[in-house]
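S.K.: Test case, fold it:
(3 chains)
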Amino acid sequence: MTSYSNSNKKYSKILHETVNKNYRKRMIINKLVTVFAIVCVIAAIIPLGSILLEVVKNGASAISLEFLTQPQGSIGSGRGGVGPAIQGTIIVVGLASLIGAPVGVLAGIYLSEFAKEGKFADSVRFFNDVLTGLPSIVIGIVGYVIIVLAIGSFSVFAGAISLSIIMIPIVVRVTEETLKIVPYSLREAGHSLGISKARITLSIVLPSAKNGILTGIVIAISRIAGETAPLIMTILGTSLFFTGITGPVDALPLRIWRLASQPYESAHAFGWGSALVLILMILALSVGLRFLAQRRSFKVAI
Amino acid sequence: MTSNSKNHRNISSLFVMRKKRGDRLFYGLVIGAAGYTLLMVALVAFSVTRGSIDIFSAEGIGFVFQSNWNAVEGRESFGAFPYIIGTLLSSAIAMAIGVPISLAIAIFISEIAPPRIGTPLSFITELLAAVPSIIYGLWALFVFRFWVRDLIEKPLYDVFHGSIPFFAKTPFGLDIFTAGIVLAIMIIPIISSICREVMRVVPDSQREAAYSLGATRWETVRMAVFPYVKSGLVGAAMLGLGRAVGETILVTMVIGNVIGPGAIPTSIFSQGQTLASLVANEFNEASSDLHLSALIALGAILLVLTMGINIVARLLVKKKIKVSSGAKSQ
Amino acid sequence: MAIEETFDAKESMTEGHSLTREPRINETAESTERFKVRIENVNGWYGSKRAIKDVNLNVREKTVTAFIGPSGCGKTTLLRCLNRMHEMTPGAHADGRVVVDGIDIYGKSIDPVVIRRRIGMVFQKPNPFPTMSIFDNVAAGLRLNGMRNKTIIREIVEESLKNAALWEEVKNELEKPGMSLSGGQQQRLCIARALAMQPEVLLMDEPTSSLDPIGSSKIEELVRTLKDSVTIIIVTHNMQQAARVSDFTAFMYLGDLIEYGSTNQIFMKPEKELTERYISGKFG
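M.R.: A predicted model of the protein is given here:
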């Protein structure tokens, strides 16, 4: 194998020439790409900064006790507030979560603990993916056709069902993914002690995946709390407080949309105020639940 | 001795019974929940079909290709064509702007920036993804559209309004172009975080192979990262496309909301309408059952469109992650 | 015949930062025995943890030098400091001097990209590019550097595959994916890929640890022939392998270089007790 040094000598010169010729160009391309990437990062941060700035700046001046608790005064007057919308968002999102979270977690448990393979499990997975990708306005149609048309009225219930359909696939996926990470040895330990599968899942597997699942639920709730399109077709929006589960109700995103399309400065100010309230509610939810999750796991650790 | 073991057996059989009953109940619950999700899918399919039957029996398949939108009683005539075009055009603008930027951000965070910069940046993009679209819409309507108008459309108007007809009107900033850019802003955090997920699948040994040949960072991305996860990146972009096509409220606030044949865009600076935005705009004012049915049928078209996009996208992303996790275990 | 790369003095005077450029080749006939790589006070860090401590070591040209030691002793980290691959690990950095042909690769104006092309590396697990054919894998580095001449690329690929003792096995299936080869063949493909860049030093990080005995012995044979033209530094956890292929051996323990000398001396009459205990299998 003496050829190496010969061939080495033969080609190294041309290789070095090529390398030298192209070196600067390659360095410049590398620099340009890096600069482009940094510019893109900045371009993406500017909207976030501007959105937060505008919402806080315009929203803070609108917020008062009256704004948070009273129904809207006459159009364009700038009186009253968005009390019904805040109440409505809490009711509709709360109800949707009461349906969506347990169904989502249980279905996730089914996929991860009971049916890893099989046609039924595969179709559940597939159609959950389909549901995740559906535009929310299409899901609003379900609430309208199935519930609003049936009971003859726009209603809290129709809104909650629609939002729960948006929530469920998110929770299913997070639950399945999180449970998959729980080491199999934990389950084996349970089996070797003769504990039933339901017990193992509920008292061993689920607690060790609790934080991940809770985070998933919070993400899903934040997502539906900001949804507007399906609410147009289900809860309609009203300037009155909650009257019953079969009656219409207001919600913050819907209120923001309606306020923004009015030609009055005062309405726009209310819109910004509502946006700030919505963001703060979502933030409080995620901070609160995370805090709760940490506290609980702390206790378990002791 | 014998009585003792008998007792034992009794107790254990008691356990087995309780265990079985509990197990069966629990199994019933979880499989019921899984079935419930399928029921929801069936409900979506049922309600969209049920709701759009009327218009399709009145207009036939022509509904998809017609441009009229007349809700006056007695002269009702509906067609979805302008809104399909509006949807595709606004999404195309969003993709043209959003995909390269998303990719660049993903590359910067996962391949270029050190963790102490990359970690907070990825947190910020997650934050952006959590902002509700109604708030993007509010910001776009009251803040961003003036940026578009003053920084892009006015200068173009000043230069071209004599020579090119569609710059003949004074720009507003409420048009397909603005809608496209705001959609891009909305989908960038989504696409870039999926791209990052996908790129994380590339084993470091691949990057090291490129570095050891004397590759620059960019060359390493091009040579070792991109080819490895190409289909996953395409899938990520398509998931973003699915979001852009289906986005409703944000679009209604900035696209200009025209209906009928006039909604067929003549340029990217035309005012327009998308499938979703028209449904949102007219749903509560629908004057007749046929009008309502036409709106639901727009939803049906949207459903078919997004489902197609999403299924292809998910297959691409999933295939990638399966292939590479298989390679890892080798 | 040594391939000697030096900087063109005139060029560096007219161009302020010519050190960042790929150096010119200058083929002078300097064949006296000398040190190809001088490692001076090198420390390797992972965050604030010092994984190698003040290592000093000189590697002779056209020899095989083996780094041995129990796992976690820092031998791989030291190897990765020699082509500045170590700093690619997040949070990791190195200090000290590594002088290759009179140039400190940690010098301020030195571009690691240039260094890595001249100091090739082969990794623990074969890592051919999975989407590329056998041919494209070997040609990858050439194309990266802007080589467009197809005839020359083809010639270099063939030479490199021959030098990596793989040519006879793959010459009729160059268009097949690199991943279709066996583990041992893949590793030789990676060696060919590194050789195509005409490196002066070849770093090998436990190149046989994922291979079967036949694949391993082929790589060992290859190492022995390649040293006629390239300086090889090999990390191995296998003492017999070190004894078989290397001319010099460095024994490391807990980040310290304990003993360095000719392989015969290290294995026959080690000076340090720690070395002797490791060689005789009393720990590790």
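S.K.: Can you classify the residue of the stretch 201-330 of chain B at minimum distance from chain C as helix, strand or coil?
M.R.: As assessed by CB to the nearest CB, chain C sits closest to B:G214 within the stretch 201-330 of chain B, at 2.9 Å. Quick note: C-beta positions are derived from backbone N, CA and C, even for glycine. Three-state call for B:G214 (DSSP: H, G, I helix; E, B strand; the rest coil): coil.
S.K.: State the number of residues packed around it.
M.R.: 27 (other CB atoms under 10 Å in any protein chain shown).
S.K.: check contacts around it.
M.R.: B:G214 makes contact with C:113-118, C:141, C:144-145, C:197, according to CB atoms under 8 Å, 6 or more residues apart in numbering or on different chains.
S.K.: possible to save those residues as TSV with pLDDT?
M.R.: Formatted as TSV, those follow (pLDDT from 0 to 100):
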residue	pLDDT
C:V113	91
C:V114	90
C:I115	91
C:R116	93
C:R117	89
C:R118	91
C:G141	94
C:L144	92
C:N145	90
C:M197	92
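S.K.: Quick check: the two most widely separated of these?
M.R.: The span of the contacts of B:G214, defined through CB to CB, is set by C:I115 and C:L144 at 14.9 Å.
S.K.: How about residues contacting stretch A:74-86?
M.R.: By CB under 8 Å, 6+ apart, the list of residues contacting stretch A:74-86 from outside reads A:64, A:66-73, A:238-242, A:249-252, A:254-255, A:262, A:264, A:266-267, A:269-270, A:273-274, A:277, A:281.
S.K.: need the contact list for the closest residue to chain A within chain C.
M.R.: Minimum separation of chain C from chain A (CB to the nearest CB) falls at C:G146, amounting to 3.1 Å. By CB under 8 Å, 6+ apart, the residues touching C:G146 are A:18-19, A:21-22, A:25-26.
S.K.: what's the answer for B:Q206, then?
M.R.: B:Q206 neighbours (CB under 8 Å, 6+ apart): B:224-225, B:228, C:127, C:129-130.
S.K.: same thing with C:R84?
M.R.: By CB under 8 Å, 6+ apart, the neighbours of C:R84 are C:94, C:105-106, C:112, C:115-116.
S.K.: As a check, name the ranges of all helices in the chain.
M.R.: In the absence of a named chain, chain A is used. Assigned by DSSP state H, the helices in chain A fall at A:3-60, A:65-69, A:83-109, A:119-133, A:136-142, A:149-151, A:156-181, A:184-192, A:197-199, A:206-208, A:210-225, A:229-232, A:252-260, A:265-301.
S.K.: wait, I meant chain C there
M.R.: C:9-14, C:75-81, C:112-118, C:134-144, C:150-163, C:167-170, C:183-195, C:213-226, C:239-245, C:263-268, C:273-279.
S.K.: is the third one up against chain B anywhere?
M.R.: Put plainly, it is helix C:112-118. Yes - with CB under 8 Å from any CB of the partner chain as the criterion, chain B is reached by helix C:112-118 at C:113-118.
S.K.: Please report the distance of the residue nearest the centre of chain C from chain B.
M.R.: In chain C, the residue lying closest to the centroid (CA atoms, centre = their mean) is C:L203, at 1.2 Å. In this view, C:L203 and chain B are 8 Å apart by CB to the nearest CB, to the nearest Å.
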